[in-house]
Each structure stands twice: as C-alpha cells, then as structure tokens.
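**Q** Following is a predicted model, sequence given first.
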Amino acid sequence: MIETLLMGVTWADVKTWLPGFWNGFLISLKLTFVSLVLGVPMGLLLALGVQAKTRASRLTCLALVEIGRGAPALVMLQFVYYGLPSAGISLPAFTAAAVALCWNTGAYTSEIIRAGLDAIPAGQKEAAEALNLSRVDELRFVLLPQGLRIAVPALMGFSILVFQGTSLCFAIALPEIISRAYDIGSMYFFYFPALAVAGLFFAAVCIPASFLVEWFEHRAGAYSRR
Amino acid sequence: MHRQWNLSVIDSPRPVVKLEHVSKRYGAFDVLKDINLSVLPGDVLAIIGPSGSGKSTLLRCINWLEPANSGIISVGDVTIRCEEVPEKSRLTALRRQLGMVFQSFNLFPHMTVLRNISLAQERTLGRSRKEADAISLNLLDRVGLADKAYQYPVRCSGGQQQRIAIARALALDPKVMLFDEPTSALDPELGLEVLAVMRELAGSGMTMIVVTHEMGFAENVSEHTMIMAEGEILEYGPSREVIRNPKTERARRFLRAVNDR
C-alpha cells in the first residue's frame, strides 16, 4: 500500500526536491511574517475603530472587518490578484498575497483583540476614569496591556492558521510550498510523496508552534493567579 | 490659651460638594429622586441604606462615572448641569478634585503596587517619575504597606489591596474622597485594617463621603449620616442622632434589620 503511494520515490529523489521546497518554505514564512506584522496592528486599529464614537469610522471599520472575515481567504486572494487588474491595479503575486492575507489577518485579529478588551473587568475602566486618565492613556496604560495579554494566546494560534493559509497562494501562482509540490507532481506525477513532504514542512512549524502557544497560554494567566 | 478666631464669619464655609435636585433614571426606574445634599470641607458623611437604594449610584454620579439625568452637581468651583453633556475639560476639573475607592479595589493587576500609585500622578499632574514614586512610597508607608511597593497586587490580601487603592486615590491630592462600600468585599478582620486607615484619614481632616454598611464607622467616625431608600434621602443629620433616633418608619425598619444581625 505505502509502496504504491510512494511510487518508488527514494530519499535521493526527495533530496533533489528539498532546495525547491526550502525556497517555497521561505516564501511562506516571509508572507506569514508580512501578514502578521501589518495585519495585527491593522486588527488593533480596527478593534478600536469599531468602538469609536464617530459613526463614519465605526461603519468603515465594521465593513472592513465583515468583508475580511466573511470572504474566504481563497476568494480574497483571487480577487486581489485576478480581480483588481480590471480596476487598473496589477500587483505581483507576493504583493497581492500580502494584501489579501493582511486584510484577512486584520479582520480576524480585530475580533480577537476586541474580545480581549471586552474581557477586562469594567472596574478597570472606571478606576482609570476616576483617576482622571485621558482616554488615550486609559487605553495605553490600562486597557491595551491587559486586553492584549488576554489576546496573545489566541493571536498566536491565529498566526499558525495564517502560516497554513499561505498554502492557498498556489492558486495565484506564488511559488510557496504547495506550488512546489504541485510542480513536482505535475512533472513526475509524484503527487503523494511531494505533498507529503510539503506537509512535513508545515508540520515542522505548526506542531512546535502549537506547543509554544499552549505554554504561553499557561504563562499568560500567571499574573492574575496567586 | 489660644484665642480661636471664628473664621467662618469672615469666610463662611462653602460646601465642597453640593447636589441640587439631582435625579437619575434607568429607563422607567428612578434610581435617584431629586437629591439635595451639601458636604462642607472636612466633613465625613456616611451614606447607609438597603441595597438598591441608590447609595452607590449617588456616589458615582458625583464624579460622573454615571451621568445623572437632571440637577446640578458642584464640586469646589466646578459646576455641572446634568441636562447638558459636560465638556471634557470640565469633567477633568471635576474629577481632579475627587478620589474614589471602589468595593472591588480595581487595582491594575499588570503593574506593581508602586506603578499603580504613581501612574496617574505622572500622567495627570505632570509629576516626574522620581517625584511621583517618592510620594507613592510615602503614602504606602502611611497605609502601612511600604514593603509591598514592588509586589504585584495579586500578592496582596484584599485589605492590603484596598489600602493601596486608598493610597492611589490620595496621591492625586483630592479635595474629597469617595468610598463605595470599601469593606464590603472583605472579611471582618481585613475590613478592620481598611477602616483604621479611613479613620486616620478622617482625623487628618479629609472630606469623605462613604457609602457603607459599617454602622460602627457611621456612628463613631462620620460626623453626618444619611439614610437612603428607594432613591430618596430618608434621614440626614449628625450621625448619632440619625442612627439612635431615626424619624421615619422606613429608616427604623432598616436600622432594626442591621442591629438584628
């Protein structure tokens, strides 16, 4: 059974694929990094924006969040890469992927951050107000440090999903891990072994990362425990 | 013997907190009905009464943590007409004069005790970190917790946390301290150490408004006591008089219930 699936692929074959996979892996990591570095601050802004006093900012942020969460990442990717050129905006595959995944990340993390902020007891806000802290100081010193701390484990978990989500970029011909696997598959018809190796690359990151999240979750609660 | 000049003739004491016709509704429910109240500088006022009588709401209206619907609230020389939405600067000027202590302490759990007390001093009074910390340490010493400065609040007992909360409020040099059931979340022993701090504060001449269930504090420490029920002031006067000889039947019923414990 296994032999049929492996189709006679040997370690020597796998070794020749590795440089390609490695480059694809780096692209996936880079994309994840960009999506998080731009997307999470965007999520923070959106989380604050949906609670803003001005109606216009509230509605804009709400629309951005709902579209970002409502549309599947694959649709967003194709919309940005294949759709926007009709509006005169042509982006290279990596940039298009970054835009789509940032939007997606921003929308999802805004909800995670909002939930973190909502989980802070009302008394914290009242104490800040009674101490006469300005709204900005209240956020900066009292609410965000606590809300983000609550949100960190969920944000880390979401980061793993973003990394896995980069695999969708094969649909816009970005040469990340899955695209490499497809290339090998279509060239030699070694789909199963190539995709299995691609899977190992994902597992190599995601499994340790999820242990890290678990460890962090445990640790993050420490300051509220005796 | 010193001759005591009666300065009040020249400079008659003006109330530091004054509420005129203050009302507050939650939907169709009247929480506060036409409350009138004056508190003179140095006065210690205890507000007692059954749960849901509006005591805490009244206290929270004074520093605008909850907006009242109508009436006038004055603290020092800041006046707020409750029908209007007050400008930020006026609200700041109001709260600048008021310190508040909550039932649930509400210390910031992610900061050390010292940071808890210093933060607002730096941000709202413009004190330097060094200045603020010196003042904070001094206050911690005053509430008997100098050794807790670099601990986090979770490492402190409830009574210690409440004393820290008192120090945090005092650090901003308020004219009036508002206490919202400061001992209700504490067991009797821990409550005692908080009450001792409050008693010392009252002795130092601080103006205090204290919502409480501690009859001992009301009777022995506060000059005046007010009994509230159903959003109205039932009784107001010198503490001993109000607690020993209440005039209304509702107040008598409440005090009987308290004494029967």
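**A** Structure's in. What do you need?

**Q** Can you name the residue of the stretch 151-261 of chain B nearest chain A?
**A** B:Val154 (5.6 Å; Cβ to the nearest Cβ). To be clear about C-beta, it is placed using only N, CA and C from the backbone, and glycine gets the same treatment.

**Q** what's around residue 98, how many residues?
**A** Unless you meant another one, I'm taking chain A. 23 (other Cβ atoms under 10 Å in any protein chain shown).

**Q** Switch to chain B, please.
**A** There are 27 residues near B:Leu98, going by other Cβ under 10 Å.

**Q** residues touching it, list them.
**A** Each residue near B:Leu98 by Cβ atoms under 8 Å, 6 or more residues apart in numbering or on different chains is listed here: A:Ala130, B:Ile62, B:Asn63, B:Val75, B:Pro174, B:Lys175, B:Val176, B:Met177, B:Leu178.

**Q** one step back: isn't there a helix covering the residue of the stretch 151-261 of chain B closest to chain A?
**A** Yes. Under DSSP: H, G, I helix; E, B strand; the rest coil, B:Val154 sits within a helix.

**Q** thought it was touching B:Pro109?
**A** Yes. Between B:Val154 and B:Pro109 a contact is recorded at 6.3 Å, counting by Cβ atoms under 8 Å.

**Q** Show me which residues of chain B are close to chain A?
**A** By Cβ under 8 Å from any Cβ of the partner chain, the residues of chain B that approach chain A are B:63, B:65, B:92, B:95-96, B:98-100, B:102, B:104, B:106-110, B:119-120, B:123-124, B:152, B:154-155, B:168-169, B:172.

**Q** Drop anything exposed from the residues you listed.
**A** B:63, B:65, B:95-96, B:98-100, B:102, B:104, B:106-110, B:119-120, B:123-124, B:152, B:168-169, B:172 (16 or more other Cβ atoms under 10 Å in any protein chain shown).

**Q** Can you list which of those are found in strands?
**A** Cross-referencing these against strands under DSSP state E gives B:Leu98, B:Gly99, B:Met100.

**Q** for those residues, which one is nearest chain A?
**A** B:Met100 (3.9 Å).

**Q** Touching, the closest one and B:Asn63? I think so.
**A** Yes. If you go by Cβ under 8 Å, B:Met100 and B:Asn63 touch, sitting 5.9 Å apart.

**Q** list residues touching both of the two?
**A** Shared contacts of B:Met100 and B:Asn63, counting by Cβ under 8 Å, 6+ apart, come down to A:Ala130, B:Leu178.

**Q** how about the helices of the stretch 151-261 of chain B, start to end?
**A** B:158-170, B:188-203, B:215-220, B:239-244, B:249-259 (DSSP state H, counting those that start in this stretch).

**Q** How about chain A?
**A** A:2-6, A:11-49, A:55-70, A:73-78, A:93-118, A:122-130, A:135-137, A:144-165, A:177-188, A:191-220 (DSSP state H).

**Q** Just the buried positions in the last one, please.
**A** Read that as helix A:191-220. A:Phe192, A:Pro193, A:Ala194, A:Leu195, A:Val197, A:Ala198, A:Phe201, A:Phe202, A:Val205, A:Val213, A:Ala220.

**Q** For those, give me TSV that also has distance to chain B and pLDDT.
**A** Output for the buried residues of helix A:191-220, formatted as TSV (distance: Cβ to the nearest Cβ, whole Å; pLDDT from 0 to 100):
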residue	distance to chain B	pLDDT
A:Phe192	50	87
A:Pro193	50	87
A:Ala194	48	88
A:Leu195	45	90
A:Val197	44	90
A:Ala198	41	91
A:Phe201	38	91
A:Phe202	35	92
A:Val205	30	90
A:Val213	20	88
A:Ala220	11	66
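
**Q** Dump these into TSV; add distance to A:Leu38 as well.
**A** Compiled in TSV, the buried residues of helix A:191-220 are given as follows (distance: Cβ to Cβ, whole Å):
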residue	distance to A:Leu38
A:Phe192	36
A:Pro193	35
A:Ala194	31
A:Leu195	30
A:Val197	30
A:Ala198	26
A:Phe201	24
A:Phe202	22
A:Val205	20
A:Val213	21
A:Ala220	24
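
**Q** So which bits of chain A are right by chain B?
**A** When proximity is defined as Cβ under 8 Å from any Cβ, chain A approaches chain B at A:121, A:123-124, A:126-127, A:129-134, A:137, A:141-142, A:145-146, A:149, A:223-226.

**Q** residues contacting residue 132?
**A** Just going to use chain A. B:Thr92, B:Arg95, B:Arg96, B:Ala120, B:Thr124, B:Leu172.

**Q** Oops, wrong one, chain B.
**A** B:Ile117, B:Ser118, B:Gln121, B:Glu122, B:Leu125, B:Ala171.

**Q** Tell me how many other residues crowd residue 160.
**A** As the question left the chain open, I've gone with chain A. 18.

**Q** um, chain B though
**A** So B:Gln160, with other Cβ under 10 Å, has 22 neighbours.

**Q** Test my guess that it contacts B:Lys148.
**A** Yes. Using Cβ under 8 Å, B:Gln160 is in contact with B:Lys148, at 6.4 Å.
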